[in-house]
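**Student:** Return a 3D structure for these sequence lines:
(chains A and B)
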Amino acid sequence: MPATGEGNGKPGLTRREFVWTMGAAAAAYGLQDLPDENGIFWSPEPKVELGWAPGLEEFRTSTCLICPSRCGIRGRLVDGRLVRVVGNQLHPLSRGGVCPRGIAGLQMVYHPERISGPMVAEGARGGGNWRGVSRDEALTLLTERLRASRTVAGPESLALVAGYCAGSMQALWHQFLRSYGSPNYVADDYADGTDCVMGLMHGIRRRPAYDLEQASLVLSFGAPLFESWWSPLQAYVAFGGSDEDGGQRPRFIQVDARFSRTAARTQEWVGVKPGTHSVLALGIAYVLIRNDLHDADFLSRHVAGFEDAVDGAGATTEGYRSLVLRNYRTEEVSAVTGVPVERITALARAFGSSPAPVAVCGADVTQAPNGLQAGMAVHSLNLLLGRVNRPGGVIFGKDPPLAPLASPVLDDAARAGLTSQPVAGPGPAFGTGDVASRFARAVAAGDGRVENLLLYYADPLASSVHPEAWRAALARIPFVVSFSPYLDETTRHADLVLPDLVSFERWQDAPSPASYPYPVWGVAQPLVEPQVDGIATGDAVLAVASRLGGSVAQSLAYPSFEELLKERAKGLFEIRRGMLFASEFEGRHHRQMEERGWWLREHDEFEEFWEDLVDRGGWTDLFHDFTDPAGIAQTPDGLIDLMPEELTRALVANGLDRTPYIGLTGDDAVPPADFPLRLMPYRVSTLASGTLSLERWLAEVPGLFPETLWYPWVEVHPDTVRTLGLEEDTMVWISSSRGRMRARLKVFPGTAPGNVCVPYRLQHPDGELANPLQLLDGPTDPLTGLAPWFTTFVRLDQVGAVD
Amino acid sequence: MVIDLDRCTGCAACEVACKSENNLATVSPEQAEMGRAMSWMKVISEVEGEFPNSTLQFFPRPCMHCDNPPCVKVCPVSATYLGEDGIVGQIYARCIGCRYCANACPYTVKYFNWYGPEWSESELQHLNPDVSVRPKGVIEKCTFCHHRLQKAKEDARAEGRELREEDFQPACAEICPTRAIIFGDLDDPTHRVATLKDDPRSMRLMEELGTEPKVYYLRSRA
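**Tutor:** From the prediction side, this is the model:
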């Protein structure tokens, strides 16, 4: 395994294997030549025990797979033990930074509660009795089960629920399901609707990326940039700025209904009423238009729907300009959002006069009622100032140019299976919505087609908005397989567990997150030997495919997942652009060369390229063509559409006002008498990817409250606490019309009176789940199929008083 | 050390990096409730004002490594001392657990081991072999990752050169994603910290006590 130089950011140049005396090093700190007042040296003699051997230190490059950010890391190993995770300074996104989750990833590797090997449920499922089996037995069991079901019940009897696994793991699963013949890939990851917003307006169905580093002003609407965004590291690096540019840093302004960590640490926080981010955005648009701060040239060349349109019959359709000027006057916006008139004007002027501003749309915007239009409203600010496909603006990222997997071979059974309707049924008007919940409800309601369910980085019993549907669905599915390395809620109800190897133990690729503008292909190589008798799920899928034989085996003829990655990397070797991870200086050099049409070849042989790629951590292409019109819009007429016809049709079909943006009037719902407080769930950074809190170090750094350790909490304004007669630091029940959960009451003046903020998916030390999403009782959005997060009302009761 | 509060996002990477580098033990939830959790580097926060006018400041708080350390003066057994390199050290083998120093420290950065550390068999694997695990009954504290200084000095000596600024960085400064923690020799005018400590935004905690802390904070601009 290649080692890289230590800490200086230049791989391979200063390979050093530090030989240490563990005993002497351990005692080193106590070995100061320190005399006491009497001049006596107290230093103890170093003790070298029999059998002692020097430790061999080594650094290996890899990528952290714990959250979608996929930051570059380097593992410090001593005698093959992973003792520290540090950042890879060559990684273009994370630049040597790592978040607490990555550092604490050590504790995931060496966690005492990891599942030690494959196991089969004995007796009643969920009874907690397991029998250990060998990897071979487990794979055979799964293969035979899949083979039998494919013949008897048809290939559509297989379903996969997969969490976030962008990259080759996702491609592998798709290939496996396709060649097997199942249409049931059930994604249980981040659906925030922003891809639908871009699809409607730009004709590009892709989540927007933001060039934060080159922006001068980042106006974030509810995006948890420093907490659970696509890549907190991307935001941190931009926020920290570059030392070289004389401290030039973008200014960050956070529009948030909650006093979040992002709101607390950006240069300015604009507190709005829940669900009114988009109204504020249109209020800003109003000021921009009224004061001629918008980019009229960009709008006339690239945007449709800004001005009123007159059709052939002489009928006028109102454009964005008239609509905003008529409906979003500053005083009215102020009344709806709670933001003073002067503040709105100042925000608009700051945004409109900044050289490179960008408006970032967070899930808080799209997970409100009318989320799609709300997202469009926020993004329209970028259009008004022509901030699309410009440095420091919104950019449509590109995928790394990997060699595709071989086309799947389909036999008759597969072709028949693929024509069947997916169990989850048709999606909403836009996007995929909450596929996992639809799937669970369909099964619970009696769709008996699914015989085998695979769970890959999905724990719906703990994370879903509809755990009751999942409980019913699991009871109806005869065979459930989990690939989880830990015995999470849903894995407890599995028939077969094939524990995956954790991040730092397995091969995987790591494309950059949706928010990053440049293609990055990080490689995660194992840093340590597997600590348990698990099997990397990629290898497990390939093994099952091989054993199934026939067209499935032909479609996935790779000896190992590592080889599959290597095959795909040939695409990067042959593309003749981009570079392996390198220093910032080298990156700039490459970018400038590519801008001039040159490309620097670094490797003649693929094997060398691959070795160097793994050694440096990955491949990237920091050149982006800002002149390409396809980077602005890919609609039939090549124009960005501010008033998309497709949306109008969907609005009419759902009985809503046909004019876009009109539905954005704020949420003036009156709380019911029984439930006087508005629930505001949020994700804390240490649980950003929604996995269980397994690492003890992370339990000690939970959020805004340094003294709050271990217990889930609820943030409440002091006046609300007084009115309800509750006591700080006591346990309370948070109840909605759907259910209740326990949390510790924290008095927090940053929370608006009338709201309660609850972190998502923490666990009590005794394992009791605390998932506020299970309290949500609002209807799902008809256009995006997403559950609104901020329309549920709850009440608080002292634990003990109501039991 | 200079900590730029304007750049600190309170992400706590410094805190966790420190725990990992220095083998900090985790106490049970019940013990944590009693204030017995240990964090040599602790990100503390201060909220002011009510919605929607709240502000919050994070303070990453390591040991201040005072030039006039109150903890050293009260230690009856010279277990804590101010080293030649300016780092306030703690010799665990000498500490008798009287906790005078913990009470004398105005920054409350000295932690007492009420119990021995508990690691499962598997967790022992990730302990850093460069740093000793502390037993029950002794005080422990931030050492500015002194073991790294030892190693950096040895490397420099082996290569026959002076110690450079980048040779020695504590774990918290090394990991900070926004580079809010800057480390170096305050007495060496070529080091960044030597310039930054004279920045108009610079301040030290509880300077009025005369402790002469060596950790400088740069006030937030906002």
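**Student:** give me the number of residues near residue 111?
**Tutor:** All of this refers to chain A. Per other C-beta atoms under 10 Å in any protein chain shown, the neighbour tally for residue A:111 reads 20. For every residue, glycine as well, the C-beta is placed using N, CA and C.
**Student:** switch to chain B, that's the one I care about
**Tutor:** Residues near residue B:111, counting by other C-beta under 10 Å, number 23.
**Student:** Which of the helices or strands spans residue A:270?
**Tutor:** strand A:268-271 (DSSP states H and E).
**Student:** Tell me which helix or strand comes right after that strand.
**Tutor:** helix A:277-290.
**Student:** Please name the residues that touch the residue lying closest to residue A:369 once chain neighbours are set aside.
**Tutor:** Take residue A:369 and drop its neighbours on the chain: the residue closest to it by C-beta to C-beta, 6 or more residues apart in numbering or on different chains is residue A:788, 5.5 Å away. Residue A:788 makes contacts with A:275, A:367-369, A:371, A:776, A:778-781, as judged by C-beta atoms under 8 Å, 6 or more residues apart in numbering or on different chains.
**Student:** Just send those residues back as TSV, with neighbour count, secondary structure and pLDDT too.
**Tutor:** Converted to TSV, these look like this (neighbours: other C-beta atoms under 10 Å in any protein chain shown; DSSP: H, G, I helix; E, B strand; the rest coil; pLDDT from 0 to 100):
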residue	neighbour count	secondary structure	pLDDT
A:275	30	coil	90
A:367	24	coil	89
A:368	28	coil	86
A:369	20	coil	85
A:371	28	helix	91
A:776	21	coil	94
A:778	18	coil	88
A:779	9	coil	89
A:780	17	coil	89
A:781	25	coil	89
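**Student:** For the lowest-mean-pLDDT helix or strand in chain B, what is the distance to the chain centroid?
**Tutor:** Scoring the helices and strands of chain B by mean pLDDT, DSSP states H and E places helix B:29-33 at the bottom, with a mean of 86. Offset of helix B:29-33 from its chain centre (C-alpha atoms, centre = their mean, to the nearest Å): 22 Å.
**Student:** Please point out which parts of that helix sit buried.
**Tutor:** Neighbour counts over helix B:29-33 (16 or more other C-beta atoms under 10 Å in any protein chain shown) mark B:29, B:32 as buried.
**Student:** which is the next helix or strand following it?
**Tutor:** Scanning onward from helix B:29-33 (DSSP H and E), the first element met is strand B:42-48.
**Student:** State the next helix or strand along the chain beyond that following strand.
**Tutor:** Using DSSP H and E, the next helix or strand after strand B:42-48 towards the C-terminus is strand B:55-61.
**Student:** Neighbouring strands of that following strand in the sheet, and parallel or not?
**Tutor:** In the sheet, strand B:55-61 lines up against strand B:42-48 (antiparallel) (DSSP bridges).
**Student:** quick check: mean pLDDT across the partner strand?
**Tutor:** For strand B:42-48, mean pLDDT rounds to 91.
**Student:** contacts for it?
**Tutor:** Under C-beta under 8 Å, 6+ apart, the answer for strand B:42-48 is A:264, A:701, A:704-706, A:748-750, B:8, B:10, B:12, B:14-15, B:54-61, B:109.
**Student:** Roughly how far does residue B:159 sit from residue B:152?
**Tutor:** Per C-beta to C-beta, to the nearest Å, residue B:159 is found 11 Å from residue B:152.
**Student:** Can you tell me which residues in the stretch 551-700 of chain A are near chain B?
**Tutor:** Within the stretch 551-700 of chain A, the positions near chain B by C-beta under 8 Å from any C-beta of the partner chain are A:685-686, A:696-700.
**Student:** Swap in 10 Å and give it another go.
**Tutor:** By C-beta under 10 Å from any C-beta of the partner chain, the residues of the stretch 551-700 of chain A that approach chain B are A:685-686, A:695-700.
**Student:** can you tell me the helix or strand for residue A:752?
**Tutor:** Going by DSSP H and E, residue A:752 is not in any helix or strand.
**Student:** Run a quick neighbour tally on the residue nearest to it when sequence neighbours are not counted.
**Tutor:** What sits nearest to residue A:752 in space, not counting adjacent residues and going by C-beta to C-beta, 6+ apart, is residue B:51, at 4.4 Å. Using other C-beta under 10 Å, the number of residues around residue B:51 comes to 20.
**Student:** what does residue B:103 give?
**Tutor:** Residue B:103, neighbours per other C-beta under 10 Å, totals 13.
**Student:** Next, find the distance separating it from chain A.
**Tutor:** Relative to chain A, residue B:103 is positioned 19 Å away (C-beta to the nearest C-beta, to the nearest Å).
**Student:** my read: that residue touches residue B:71, true?
**Tutor:** Yes - Residue B:103 is in contact with residue B:71 according to C-beta atoms under 10 Å; the separation is 9.1 Å.
**Student:** Find residues that contact each of those two.
**Tutor:** Contact criterion C-beta atoms under 10 Å, 6 or more residues apart in numbering or on different chains; residues shared by residue B:103 and residue B:71: residue B:110.
**Student:** what's the closest non-adjacent residue to the residue of the stretch 451-600 of chain A found nearest chain B?
**Tutor:** Closest residue of the stretch 451-600 of chain A to chain B, C-beta to the nearest C-beta: residue A:531 (6.5 Å). Among residues not flanking residue A:531 along the chain, residue A:109 sits closest, at 6.0 Å (C-beta to C-beta, 6+ apart).
**Student:** hang on, the earlier thing: can I get the residues of the stretch 551-700 of chain A next to chain B in CSV including pLDDT, neighbour count and distance to residue A:100?
**Tutor:** Formatted as CSV, these follow (pLDDT from 0 to 100; neighbours: other C-beta atoms under 10 Å in any protein chain shown; distance: C-beta to C-beta, whole Å):
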residue, pLDDT, neighbour count, distance to residue A:100
A:685, 76, 27, 7
A:686, 70, 25, 6
A:695, 79, 23, 9
A:696, 83, 18, 12
A:697, 87, 23, 7
A:698, 86, 22, 6
A:699, 82, 21, 11
A:700, 83, 26, 10
